[in-house]
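**Student:** Fold the following.
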Amino acid sequence: RRLLRTQYAASPCATGGPGHALAPEIDVAAPRYISGMAISRLLPTDDARDLIAMTREVCQKELAPRVDAAEEARELPRDIFTTLGDLGLLALPYPEEYGGSNLPYEVYLQVVEEIGAVWMSVAVGVSVHVLSCYPVATFGTEAQKEELLVPMLSGQRLGAYALSEPQAGSDVSAISTVATRSAEADGAATAYSLTGTKAWISHAGHADHYTTFARTSEEGSRGLSCFIVPGDAPGLTFGTPEKKMGLHSDTVSQVYFDKVPVPASRRIGAEGQGMALALSALSAGRLGIAAASTGLAQAALDLAVKYAKEREQFGSRIADFQGVSFLLADMQAAVLSGRAMYLHAARLRDAGRDFSTEAAAAKLVCTDAAMRVTMDAVQVLGGYGYTQDFPAERYMREAKVTQIFEGTNQIQRLVIGRALLKD
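**Tutor:** Below you'll find the predicted structure:
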């Protein structure tokens, strides 16, 4: 995994076929320049700098040429995830012994940000897949890690996270999908049968596994358990993809469980441990959305700066008008603030410290910033920003949902407020 750039250089993914040489090395230690805007990254190692450089190159060569057509066609680019998986980008924060790269979360998140700056749907998909692996990596037994986690991190699998339901969004304790014991031995379950409906599930109908939370008892929040359901399990079907405002290549639909059989070996943790497991995973998942949103905001800022430097009115570049330059300055401040927030939370996580409040704050700040910056980018472009000739309008549509999924921003404020007022 530490030879990712070498692998990419020798792979057919590097345009030109096997052995095609990479473009000149990108100096990630120095500010990068896209459309004239500098981004400074403080990375912990040379390997991390190489990884960011490789990610940026893959995004420009493989993702950028396809994003507009795929989003318009509402297609999930499964082959893109295979490409990223082959390069190890779907397994970065997990242990090497199971197929990961054991990289700090702060590095993984900057990879997600780079992807989000080019194709937000794919960045969200990477975050969802990594989230779907979290329960097994964190709470699974050694046998479960060998059986389940290794294939999950192989790069050939794509995961889904099946938590939400039509009547259970922010209120996870309202989950009604039921996991009934279908076989027992010596008082312990050996198999379960899952019945219910999940909603708003990314990769529905495309995923190879569904990390699913279902009710094993009526004890409210203490009655939930976690299961890894194979994508080809009998009784597992999918609804029509939702017709969303944005993120059209992030296929989302309902998932139906009709007496889906799941062996007890695919239950992660003990019965009743599901709520604690889900909330623990969501703190990490919120950082993925924060990073992706920052990438989206950066893309909108880059576009606005480039346009403002080229567009002339009254004989001057519009960038030279104070009203526009102040707007761009506020956009830059918002992006920098969001990036600092998610990196601070990630570094706390990497240090083994509690980061749940900081993750909620980062998700709140980064996604609100993405919404504001993308709206302002449309404003800078004026009438052109409202057309599909420029990606500004797509950025704005994509930003809105970031304030909703992985816990609405009202829920993030609730988490932060409770932490402040806790005795």
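**Student:** quick one: contacts of stretch 315-335?
**Tutor:** 37, 294, 297-298, 300-301, 304-305, 308-312, 369, 372-373, 376-377, 379-380 (Cβ atoms under 8 Å, 6 or more residues apart in numbering). (Each C-beta comes from the backbone N, C-alpha and C, glycine too.)
**Student:** Pull out the buried positions in that stretch.
**Tutor:** Within stretch 315-335, the residues that count as buried by 16 or more other Cβ atoms under 10 Å are 318-319, 324, 327-328, 331-332, 334-335.
**Student:** for those, which one is nearest residue 119?
**Tutor:** Of all those, residue 335 has the smallest distance to residue 119: 18.0 Å, by Cβ to Cβ.
**Student:** quick one: that closest one from residue 246, how far?
**Tutor:** 19 Å (Cβ to Cβ, to the nearest Å).
**Student:** Repeat that for residue 369.
**Tutor:** From residue 369 to residue 246 the distance is 17 Å (Cβ to Cβ).
**Student:** neighbour count winner among those two?
**Tutor:** Using other Cβ atoms under 10 Å as the criterion, residue 369 and residue 246 rank with residue 369 on top: 26 against 19.
**Student:** Pretty sure that one sits in a helix.
**Tutor:** Yes: the assignment for residue 369, made by DSSP: H, G, I helix; E, B strand; the rest coil, places it in a helix.
**Student:** Now tell me which helix or strand of the chain has the poorest mean pLDDT.
**Tutor:** strand 32-34 (a mean of 42; mean pLDDT, DSSP states H and E).
**Student:** Can you give me the distance of the residue sitting nearest the centre point of the chain to residue 88?
**Tutor:** Central residue of the chain (Cα atoms, centre = their mean): residue 127, 2.4 Å from the mean position. Using Cβ to Cβ, residue 127 is found at 16 Å from residue 88.
**Student:** now swap in residue 53 and tell me
**Tutor:** The value you get for residue 53 to residue 88, if Cβ to Cβ is used, is 15 Å.
**Student:** again with residue 328
**Tutor:** 36 Å.
**Student:** ok now the lengthiest helix in the chain, how far from the chain's centre?
**Tutor:** Counting by DSSP state H, the longest helix found in the chain is helix 274-310. Distance, stretch centre to chain centre, for helix 274-310: 8 Å (Cα atoms, centre = their mean, to the nearest Å).
**Student:** Next, the buried residues of it.
**Tutor:** 274-275, 277-278, 281-308.
**Student:** Tell me the first helix or strand C-terminal of it.
**Tutor:** strand 312-313 (DSSP states H and E).
**Student:** Residues contacting that following strand, please?
**Tutor:** residue 318.
**Student:** What pairs with that strand, parallel or antiparallel?
**Tutor:** Applying DSSP bridges, strand 312-313 is found paired with strand 316-317 (antiparallel).
**Student:** pLDDT on the partner strand, on average?
**Tutor:** Averaged across strand 316-317, the pLDDT comes to 96.
**Student:** so where's the protein uncertain?
**Tutor:** Low-confidence segments of the chain, defined by pLDDT under 70: 1-38.
**Student:** so how far is residue 350 from residue 315?
**Tutor:** Counting by Cβ to Cβ - residue 315 and residue 350 are separated by 52 Å.
**Student:** right, and residue 295 touches residue 124 too?
**Tutor:** No: applying Cβ atoms under 8 Å, one finds residue 295 not in contact with residue 124, separated by 10.5 Å.
**Student:** shared neighbours, these two?
**Tutor:** In contact with both residue 295 and residue 124: residue 116, using Cβ under 8 Å, 6+ apart.
**Student:** How about the contacts made by the closest residue to residue 233 other than its chain neighbours?
**Tutor:** With Cβ to Cβ, 6 or more residues apart in numbering as the criterion, residue 233 has its nearest non-adjacent residue at 5.0 Å, and that residue is residue 260. Shown in contact with residue 260 (Cβ under 8 Å, 6+ apart): 193-195, 229, 233-236.
**Student:** Which parts of the chain are helices?
**Tutor:** Under DSSP H, the chain gives helices at 4-9, 46-58, 67-73, 78-86, 105-116, 120-139, 142-144, 150-152, 274-310, 322-350, 356-381, 392-402, 409-421.
**Student:** could you dump these to TSV with distance to residue 240?
**Tutor:** Shown next, in TSV, are these (distance: least, Cβ to Cβ, whole Å):
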stretch	distance to residue 240
helix 4-9	37
helix 46-58	32
helix 67-73	16
helix 78-86	19
helix 105-116	27
helix 120-139	18
helix 142-144	33
helix 150-152	27
helix 274-310	25
helix 322-350	34
helix 356-381	27
helix 392-402	18
helix 409-421	28
